[in-house]
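Asker: make a model of this:
(one chain, ligands or ions: 2)
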Amino acid sequence: MSDLILFWHRRDLRISDHTGLAAARKQTPKVVGVFCLDDNLLNPDEVAPARVAYMIGCLQSLQQRYLQAGSQLLILRDNPVTAIPNLAAALNAKAVFWNWDVEPYAQVRDNEVVSALKTKGIQTLEQNWDQLLHSPTEIFSGAKTPYTVYTPFWKNWNSKPKNQPVATLVNCENLTDAEQEIAKKSGVINLPTAADLGFNWDGELIIAPGEIAAQEKLDNFTKNVINEYDEQRNYPAVEGTSLLSAALKFGVIGIRTIWEKTTELLANSNSEEVTNNIVSWQKELAWREFYQHAMYHFPELAEGAYRDVFKNFPWKNNEKHFIAWCQGKTGYPIVDAAMRQLNETGWMHNRCRMIVASFLTKDLIINPQWGEKYFMQKLIDGDLSANNGGWQWSASSGMDPKPLRIFNPASQAQKFDPEGEYIRQWVKELRYVDTQYLISGKIPPLELSSIKYPAPIVDHKKQQALFKKIYQELKIEN
Ligand code: FAD
Ligand code: FO1
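Answerer: Ligands and ions are numbered 1, 2, ... in the order given. This next block holds a predicted model:
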């Protein structure tokens, strides 16, 4: 057995503040990275081109980071369940380490890799939860059950001490020339482009790939934006949020690094207002962990509604309405602006994610799983737990105790885009329309026909009443 530890990266595309890598480096200088392109996770019908483009960019950058540390990142394109153990055995590695994940697919995959490695006599490091500040096996209610409601989860989660960032990988030993040959024979390839994998994205990405860019986003946000976060995060025309979601999804920045920054800021805060803004952002980081814990403990969430009343809900599922929603042609300016932002950039502001999800489920009465899937096909930050959590929350089908949350698109636009700035940015044909029409959504028919913008495809008031009626009837039956 050699001294080699292979580190298997999946959604932890960095070498700084990386718990699994730090644990490997403690045991040996010979730490070599591997990433396995897995066709089960790369179906062009399910995955956003922007997300794959970002991931490939991060892998490129990770390869550079490994070279700087004296080692390298190997790339495979195969089924990891066989390819990872085979590569480890061919290289005579003493262990394969990785960080665990909450997703149902990850659980099955990782258990199979553990078994295959064990039969080959290769060690694994089990239960290393790098992507969360607290693992799902750490936070339970007084009754020792997983939380199903956010606020008590937050209180408990926030009261627990958090780990500090860990040391960056340095001074490694690389594979010998003979081992490089063995790696090639075992399927190691050059990193393909996103287009090679069937994903074409030629737009800009809202965050540049790689660790340095993620750290810069954090620095910019904590220096210039966080002090007004609580208020500004609600306005889609303002850059009032961190834009770190894709970096967090792929672990391009360590969560401990982020948390440490917030605690430093809290320690230096000299007003209640500043403190509230920082805590407000910390609460969003806790939502991320809440949904990941939920996915770990209730994997059935990934299959559909959590609440019984929504399990057999008679969704209308009108395909023409769905296409209009996807294309941003519903005739509701704020909804259309948001969907066009998503289609053009691969990202959508959180306020607008809530608006369009409410519109799809409560106004169009379309199954939230259709929207959830569409988001995964488009979002650069598409993440099973956060996306499912967001959709279940908006559809009222999740664990949340407040059931009938219905957003009125006009009130939302009036409150959060009062000058129609966001609408004008994304729905170009509405650029010269009066603000009052934009935010009320009541554009005079004559104006509509001249600018080729659709009339509203449904009537919000009527649909809201219809949804409530269906829901009440079902609630009585259940
Ligand atoms: P910030 O406001 O700066 O927040 C910091 C970080 O906290 C985010 O980067 C994210 O990691 C986390 N976060 C913030 N809000 C939430 C939330 N409500 N739930 C979970 N984590 C949160 N987020 C995703 O990362 N991936 C998704 O696929 C996703 N789908 C969503 C679908 C719907 C219907 C809704 C309503 C929300 C969804 N969100 C998703 C949550 C949220 O919209 C995004 O995390 C946020 O807009 C990303 O922008 P930011 O990085 O600037 O966030
Ligand atoms: N992880 C991988 O190990 N290999 C992949 O090819 C891969 C592709 C991928 C595409 C989109 C995306 O959102 C995530 C992707 N990931 C990939 C990361 C994935 O989230 C983790 O592997 C999870 O553990 C899967 O459950």
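
Asker: please compute how far stretch 127-144 lies from its chain's middle.
Answerer: With Cα atoms, centre = their mean, to the nearest Å as the basis, stretch 127-144 stands 19 Å off its chain's centre.

Asker: CA atoms of that stretch as CSV?
Answerer: This file holds the C-alpha atoms of stretch 127-144, laid out as CSV (Å, rounded to 0.1, in the frame of the first residue of the first chain):
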residue,chain,number,x,y,z
GLN,A,127,-19.1,11.3,8.0
ASN,A,128,-17.1,14.4,7.1
TRP,A,129,-19.7,17.2,6.8
ASP,A,130,-17.8,20.0,5.2
GLN,A,131,-20.5,21.9,3.5
LEU,A,132,-22.5,22.6,6.6
LEU,A,133,-21.7,24.4,9.9
HIS,A,134,-23.7,21.7,11.7
SER,A,135,-24.4,18.2,10.4
PRO,A,136,-27.9,16.8,10.2
THR,A,137,-27.1,14.4,13.0
GLU,A,138,-26.2,17.3,15.3
ILE,A,139,-29.4,19.5,15.5
PHE,A,140,-32.5,18.0,17.0
SER,A,141,-35.6,19.3,18.9
GLY,A,142,-36.1,18.6,22.6
ALA,A,143,-38.0,15.5,21.6
LYS,A,144,-34.9,14.3,19.8
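
Asker: return the residues of the stretch 201-350 of the chain in contact with ligand 1.
Answerer: 233, 241-245, 248-249, 284-285, 287-288, 291, 350 (Cβ under 6 Å from any ligand atom). Using the backbone N, CA and C atoms, a C-beta is placed for each residue, glycine as well.

Asker: list only buried entries from those.
Answerer: Among those, the ones that count as buried by 16 or more other Cβ atoms under 10 Å are 233, 241-245, 248-249, 285, 287-288, 291.

Asker: and the residue of the chain nearest ligand 1?
Answerer: For the chain, the residue closest to ligand 1 is residue 390, as judged by Cβ to the nearest ligand atom, at 2.4 Å.

Asker: in a strand, that residue, correct?
Answerer: No: Residue 390 sits outside any strand when classified using DSSP: H, G, I helix; E, B strand; the rest coil, being helix.

Asker: I'd say it and residue 351 touch.
Answerer: No: contact criterion Cβ atoms under 8 Å: residue 390 and residue 351 do not qualify, at 11.8 Å.

Asker: give me the helices and strands touching the longest strand belonging to the chain, please.
Answerer: In the chain, with assignment by DSSP state E, the single longest strand is strand 31-37. Packing partners of strand 31-37 (3 or more Cβ pairs under 8 Å, 6 or more residues apart in numbering; DSSP states H and E): strand 5-9, helix 19-27, helix 49-68, strand 73-77, helix 80-90.

Asker: can you count the residues close to residue 174?
Answerer: 17 (other Cβ atoms under 10 Å).

Asker: what's the closest non-adjacent residue to it?
Answerer: residue 71 (5.1 Å; Cβ to Cβ, 6 or more residues apart in numbering).

Asker: would you mind measuring from that neighbour to ligand 2?
Answerer: From residue 71 across to ligand 2, the span is 19 Å (Cβ to the nearest ligand atom, to the nearest Å).

Asker: repeat for residue 389
Answerer: Distance of residue 389 to ligand 2, given as Cβ to the nearest ligand atom: 15 Å.

Asker: what about the closest residue to that residue other than its chain neighbours, helix or strand, and which?
Answerer: Distances taken as Cβ to Cβ, 6+ apart put residue 291 closest to residue 389, at 3.5 Å, once the chain neighbours are dropped. Using DSSP states H and E, residue 291 falls within helix 272-297.

Asker: give me the contacts around the helix or strand just after that helix.
Answerer: Sequence order places helix 319-327 as the next helix or strand after helix 272-297, per DSSP H and E. The contact list for helix 319-327 (Cβ atoms under 8 Å, 6 or more residues apart in numbering) reads 330-331, 335, 339, 343, 356, 359-360, 364, 366, 370-371, 374, 454, 457-458.

Asker: looking at those residues, which are in helices?
Answerer: If you go by DSSP state H, the contacts of helix 319-327 have 335, 339, 343, 356, 370-371, 374 in helices.
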